[in-house]
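Undergrad: quick one: sequence plus predicted model below, questions after.
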Amino acid sequence: MLVMKREHRLRASAEFKEVYGTGRVYSSSLTAMYVAGGGEGKRIGIVVCKRVGGAVKRNRVRRLFREACRLFLPYMKNGSRVVFVAKAQARNAGFHEVCSSVRNLLERAALLGGCEDERHGGE
């Protein structure tokens, strides 16, 4: 199993608050995505609230989003900070649905460059 590296993760509460406060919001049926520019590298945070379900459901949803983000990370533009907030509908979603949702939001925010590969959530 591959893991998203520490330098690609948002970890501090202050980082999340900064993205919430200064970023733009994009939304789909499974998630809301907050995007802020600035900084170096690419950093991603994932938030799953209790509306999604108990701890087991929340951890499953978090793993799905983390893996989808890890797949698209090499194609994302540098200098972007992104926070995904899972919605309650995500509890019943499969991996391909999550990948498709993440890809669509990243494309709408113009954060992806050169990701035409079918295995990355393409239709």
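TA: Yep, that arrived.
Undergrad: can you map out the strands along this protein?
TA: In the chain, the strands defined using DSSP state E lie at 24-27, 31-37, 42-48, 80-86.
Undergrad: list the contacts for the most centrally placed residue in the chain?
TA: In the chain, the centroid-proximal residue (Cα atoms, centre = their mean) is Phe84; its distance is 4.3 Å. Applying Cβ atoms under 8 Å, 6 or more residues apart in numbering, we find Phe84 in contact with 31-33, 44-47, 65, 69, 102. Where C-beta positions appear, they are placed from N, C-alpha and C, glycine not excepted.
Undergrad: okay, the strands of the chain in a markdown table with distance to Gly113 next?
TA: Shown next, in a markdown table, are the strands of the chain (distance: least, Cβ to Cβ, whole Å):
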| stretch | distance to Gly113 |
| --- | --- |
| strand 24-27 | 17 |
| strand 31-37 | 15 |
| strand 42-48 | 12 |
| strand 80-86 | 11 |
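Undergrad: so which of the ones you listed is the most packed in?
TA: Using mean count of other Cβ atoms under 10 Å, the stretch among the strands of the chain with the largest mean neighbour count is strand 80-86, at a mean of 23.
Undergrad: that one pairs with which strands?
TA: Next to strand 80-86 in the sheet, as set by DSSP bridges, lie strand 31-37 (antiparallel), strand 42-48 (parallel).
Undergrad: now render those as a markdown table, adding mean pLDDT and distance to Gly23.
TA: Putting the strands paired with strand 80-86 into a markdown table (pLDDT from 0 to 100; distance: least, Cβ to Cβ, whole Å) gives the following:
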| stretch | mean pLDDT | distance to Gly23 |
| --- | --- | --- |
| strand 31-37 | 94 | 4 |
| strand 42-48 | 94 | 11 |
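Undergrad: who are the contact partners of the closest residue in space to Cys69 that isn't next to it in sequence?
TA: Distance criterion Cβ to Cβ, 6 or more residues apart in numbering; nearest residue to Cys69, sequence neighbours excluded, is Ile44 at 4.9 Å. Counting by Cβ under 8 Å, 6+ apart, Ile44 makes contact with 4, 8-10, 69, 73, 81-84.
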